[in-house]
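J.: Structure here, sequence nowhere to be found:
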Ligand code: ZN
(Lines give C-alpha, C1' and ligand atoms only; values in the text may rest on other atoms or scores of the structure.)
Protein backbone atom coordinates (compact mmCIF):
# COMPACT_ATOMS: atom_id res chain seq x y z
CA UNK A 1 0.00 0.00 0.00
CA UNK A 2 1.31 3.36 -0.99
CA UNK A 3 -0.02 6.76 -1.87
CA UNK A 4 1.31 7.99 -5.20
CA UNK A 5 1.76 11.58 -6.33
CA UNK A 6 -1.10 12.83 -8.48
CA UNK A 7 -0.02 14.50 -11.72
CA UNK A 8 -1.42 18.02 -11.92
CA UNK A 9 -2.54 20.45 -14.63
CA UNK A 10 0.24 21.46 -17.00
CA UNK A 11 1.95 18.07 -17.09
CA UNK A 12 2.05 16.88 -20.75
CA UNK A 13 1.43 13.30 -19.61
CA UNK A 14 -2.26 14.20 -19.17
CA UNK A 15 -2.57 14.76 -22.93
CA UNK A 16 -1.08 11.48 -24.10
CA UNK A 17 -2.85 8.33 -25.29
CA UNK A 18 -2.13 5.35 -23.04
CA UNK A 19 -0.94 1.93 -24.16
CA UNK A 20 -2.81 -1.32 -23.41
CA UNK A 21 -1.76 -3.46 -20.46
CA UNK A 22 -0.19 -6.71 -21.65
CA UNK A 23 1.33 -8.17 -18.46
CA UNK A 24 -1.02 -9.13 -15.64
CA UNK A 25 1.69 -9.40 -13.03
CA UNK A 26 2.52 -8.27 -9.49
CA UNK A 27 3.56 -4.87 -10.77
CA UNK A 28 0.03 -4.31 -12.13
CA UNK A 29 -1.52 -5.51 -8.84
CA UNK A 30 0.66 -3.07 -6.88
CA UNK A 31 -0.22 -0.25 -9.25
CA UNK A 32 -3.97 -0.94 -8.84
CA UNK A 33 -3.65 -1.21 -5.04
CA UNK A 34 -1.80 2.11 -4.95
CA UNK A 35 -4.28 3.79 -7.30
CA UNK A 36 -7.18 2.72 -5.04
CA UNK A 37 -5.38 4.00 -1.93
CA UNK A 38 -4.43 7.25 -3.65
CA UNK A 39 -7.99 7.85 -4.87
CA UNK A 40 -9.46 7.24 -1.39
CA UNK A 41 -6.81 9.40 0.32
CA UNK A 42 -7.58 12.24 -2.09
CA UNK A 43 -11.37 11.88 -1.65
CA UNK A 44 -11.76 11.17 -5.35
CA UNK A 45 -14.34 9.08 -7.20
CA UNK A 46 -11.89 7.91 -9.83
CA UNK A 47 -8.25 7.87 -10.84
CA UNK A 48 -6.61 6.93 -14.13
CA UNK A 49 -3.11 5.61 -14.94
CA UNK A 50 -1.68 8.85 -16.39
CA UNK A 51 -2.72 10.70 -13.22
CA UNK A 52 -0.07 8.71 -11.34
CA UNK A 53 2.41 8.89 -14.22
CA UNK A 54 1.61 5.48 -15.77
CA UNK A 55 0.82 5.58 -19.48
CA UNK A 56 -1.25 2.42 -19.35
CA UNK A 57 -4.96 1.79 -19.98
CA UNK A 58 -6.02 1.36 -16.35
CA UNK A 59 -8.33 3.25 -14.02
CA UNK A 60 -10.17 2.80 -10.74
CA UNK A 61 -13.57 4.21 -9.77
CA UNK A 62 -15.37 4.31 -6.46
CA UNK A 63 -18.87 2.83 -6.55
CA UNK A 64 -20.87 3.97 -3.52
CA UNK A 65 -24.20 2.29 -2.88
CA UNK A 66 -26.55 0.96 -0.21
CA UNK A 67 -26.70 -2.84 -0.05
CA UNK A 68 -29.71 -5.07 0.79
CA UNK A 69 -28.92 -4.85 4.52
CA UNK A 70 -28.97 -1.04 4.36
CA UNK A 71 -25.21 -0.74 4.73
CA UNK A 72 -23.30 1.97 2.90
CA UNK A 73 -20.78 0.25 0.67
CA UNK A 74 -17.68 1.80 -0.90
CA UNK A 75 -16.46 -0.51 -3.61
CA UNK A 76 -13.38 0.14 -5.72
CA UNK A 77 -13.80 -1.18 -9.26
CA UNK A 78 -10.64 -1.72 -11.30
CA UNK A 79 -10.67 -1.39 -15.09
CA UNK A 80 -7.82 -2.69 -17.24
CA UNK A 81 -7.97 -2.15 -21.03
CA UNK A 82 -11.54 -0.80 -20.76
CA UNK A 83 -13.90 -0.20 -23.64
CA UNK A 84 -17.22 1.61 -23.51
CA UNK A 85 -19.67 -0.54 -25.47
CA UNK A 86 -22.86 1.47 -25.19
CA UNK A 87 -23.92 4.98 -24.16
CA UNK A 88 -27.50 6.10 -23.62
CA UNK A 89 -28.86 8.94 -25.71
CA UNK A 90 -30.25 10.37 -22.50
CA UNK A 91 -27.67 12.64 -20.91
CA UNK A 92 -27.08 14.40 -17.61
CA UNK A 93 -25.35 17.79 -17.41
CA UNK A 94 -23.56 18.42 -14.16
CA UNK A 95 -20.41 19.84 -12.60
CA UNK A 96 -17.46 17.53 -12.58
CA UNK A 97 -14.10 17.83 -10.88
CA UNK A 98 -10.79 16.03 -11.38
CA UNK A 99 -7.96 15.26 -8.95
CA UNK A 100 -5.48 16.59 -11.53
CA UNK A 101 -7.30 19.95 -11.71
CA UNK A 102 -8.03 20.81 -8.10
CA UNK A 103 -10.65 23.50 -7.64
CA UNK A 104 -11.74 23.43 -11.30
CA UNK A 105 -15.31 22.25 -11.64
CA UNK A 106 -16.47 22.10 -15.22
CA UNK A 107 -20.00 21.74 -16.53
CA UNK A 108 -20.02 18.53 -18.57
CA UNK A 109 -22.73 16.55 -20.33
CA UNK A 110 -22.40 12.77 -20.01
CA UNK A 111 -24.57 9.79 -20.92
CA UNK A 112 -27.00 8.81 -18.15
CA UNK A 113 -26.13 5.14 -18.69
CA UNK A 114 -23.13 3.26 -20.05
CA UNK A 115 -22.23 -0.37 -20.61
CA UNK A 116 -18.52 -1.12 -20.58
CA UNK A 117 -16.15 -4.05 -20.61
CA UNK A 118 -12.70 -4.34 -19.12
CA UNK A 119 -10.21 -6.82 -17.75
CA UNK A 120 -9.61 -7.25 -14.04
CA UNK A 121 -6.14 -7.48 -12.46
CA UNK A 122 -5.87 -11.14 -13.44
CA UNK A 123 -6.82 -10.53 -17.06
CA UNK A 124 -10.38 -11.83 -16.73
CA UNK A 125 -12.92 -9.88 -18.84
CA UNK A 126 -16.06 -8.49 -17.22
CA UNK A 127 -18.94 -6.31 -18.28
CA UNK A 128 -20.54 -3.57 -16.23
CA UNK A 129 -23.65 -1.43 -16.56
CA UNK A 130 -23.62 1.92 -14.79
CA UNK A 131 -25.94 4.87 -14.33
CA UNK A 132 -25.64 8.42 -13.03
CA UNK A 133 -22.50 9.24 -11.08
CA UNK A 134 -20.82 5.87 -11.74
CA UNK A 135 -21.47 6.21 -15.49
CA UNK A 136 -20.00 9.73 -15.32
CA UNK A 137 -16.92 8.49 -13.47
CA UNK A 138 -16.33 5.68 -15.99
CA UNK A 139 -16.58 8.14 -18.93
CA UNK A 140 -14.30 10.65 -17.17
CA UNK A 141 -11.60 8.09 -16.38
CA UNK A 142 -11.84 6.45 -19.79
CA UNK A 143 -11.26 9.88 -21.39
CA UNK A 144 -8.01 10.21 -19.37
CA UNK A 145 -6.67 7.11 -21.16
CA UNK A 146 -7.07 8.99 -24.45
CA UNK A 147 -5.49 12.21 -23.19
CA UNK A 148 -8.85 13.95 -22.74
CA UNK A 149 -9.52 15.93 -19.56
CA UNK A 150 -12.16 18.22 -18.05
CA UNK A 151 -10.41 21.11 -19.82
CA UNK A 152 -11.37 19.54 -23.16
CA UNK A 153 -14.86 18.45 -22.11
CA UNK A 154 -16.10 21.53 -20.29
CA UNK A 155 -16.63 24.91 -21.88
CA UNK A 156 -17.78 26.44 -18.63
CA UNK A 157 -16.09 26.31 -15.24
CA UNK A 158 -17.78 27.23 -12.02
CA UNK A 159 -15.20 29.85 -11.03
CA UNK A 160 -15.26 31.49 -14.48
CA UNK A 161 -18.99 32.09 -14.60
CA UNK A 162 -20.75 35.39 -14.89
CA UNK A 163 -23.75 35.93 -12.55
CA UNK A 164 -26.09 35.26 -15.51
CA UNK A 165 -24.41 31.93 -16.24
CA UNK A 166 -24.57 30.93 -12.58
CA UNK A 167 -28.30 31.68 -12.59
CA UNK A 168 -28.79 29.62 -15.76
CA UNK A 169 -26.90 26.69 -14.23
CA UNK A 170 -28.91 26.94 -11.03
CA UNK A 171 -32.09 26.68 -13.09
CA UNK A 172 -30.67 23.70 -14.96
CA UNK A 173 -29.88 21.92 -11.68
CA UNK A 174 -33.34 22.72 -10.31
CA UNK A 175 -34.77 21.19 -13.47
CA UNK A 176 -32.81 18.00 -12.95
ZN1 LIG B 1 -9.81 13.23 -13.89
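T.: The structure has been received and is ready for your questions. None of these values were measured; they are calculated from a predicted model.

J.: just the helices in this structure please.
T.: 26-41, 132-144, 150-153, 163-175 (DSSP state H).

J.: Out of those helices, which is the most enclosed?
T.: Highest mean neighbour count of these: helix 132-144, a mean of 22 (counted as mean count of other CB atoms under 10 Å). Heads up, the C-betas are built off the backbone N, CA and C, glycines and all.

J.: Mind listing residues that contact it?
T.: Helix 132-144 is contacted from outside by 14, 18, 45-51, 59-64, 79, 82, 84, 87, 92, 94, 96, 98, 108, 110-114, 116, 128, 130, 149-150, 152-153, using CB atoms under 8 Å, 6 or more residues apart in numbering.

J.: any chance of the helices of the chain in CSV, plus mean pLDDT?
T.: Below are these laid out as CSV (pLDDT from 0 to 100):
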stretch, mean pLDDT
helix 26-41, 98
helix 132-144, 97
helix 150-153, 91
helix 163-175, 72
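
J.: now the top strand by length along the chain: how far from the chain's centre is it?
T.: Ranked by residue count and defined by DSSP state E, the top strand of the chain is strand 72-87. Its chain's C-alpha centre and that of strand 72-87 lie 9 Å apart, by CA atoms, centre = their mean, to the nearest Å.

J.: Quick check: mean pLDDT of that strand?
T.: The predicted model assigns strand 72-87 a mean pLDDT of 97.

J.: tell me what it is packed against?
T.: Applying 3 or more CB pairs under 8 Å, 6 or more residues apart in numbering; DSSP states H and E, we find strand 72-87 packed against helix 26-41, strand 58-66, strand 113-119, helix 132-144.

J.: Hey, what's the angle from that strand to strand 58-66? Just curious.
T.: 120 degrees (axes from the mean of the first three to the mean of the last three CA atoms, to 10 degrees).

J.: Any buried residues in stretch 110-126, and which?
T.: Counting neighbours by 16 or more other CB atoms under 10 Å, one finds that the buried residues in stretch 110-126 are 110-111, 113-116, 118-119, 121.

J.: In JSON lines, list those along with distance to residue 22 and pLDDT.
T.: Output for the buried residues of stretch 110-126, formatted as JSON lines (distance: CB to CB, whole Å; pLDDT from 0 to 100):
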{"residue": "110", "distance to residue 22": "30", "pLDDT": "95"}
{"residue": "111", "distance to residue 22": "29", "pLDDT": "97"}
{"residue": "113", "distance to residue 22": "31", "pLDDT": "98"}
{"residue": "114", "distance to residue 22": "25", "pLDDT": "98"}
{"residue": "115", "distance to residue 22": "25", "pLDDT": "98"}
{"residue": "116", "distance to residue 22": "20", "pLDDT": "98"}
{"residue": "118", "distance to residue 22": "15", "pLDDT": "98"}
{"residue": "119", "distance to residue 22": "11", "pLDDT": "98"}
{"residue": "121", "distance to residue 22": "14", "pLDDT": "98"}
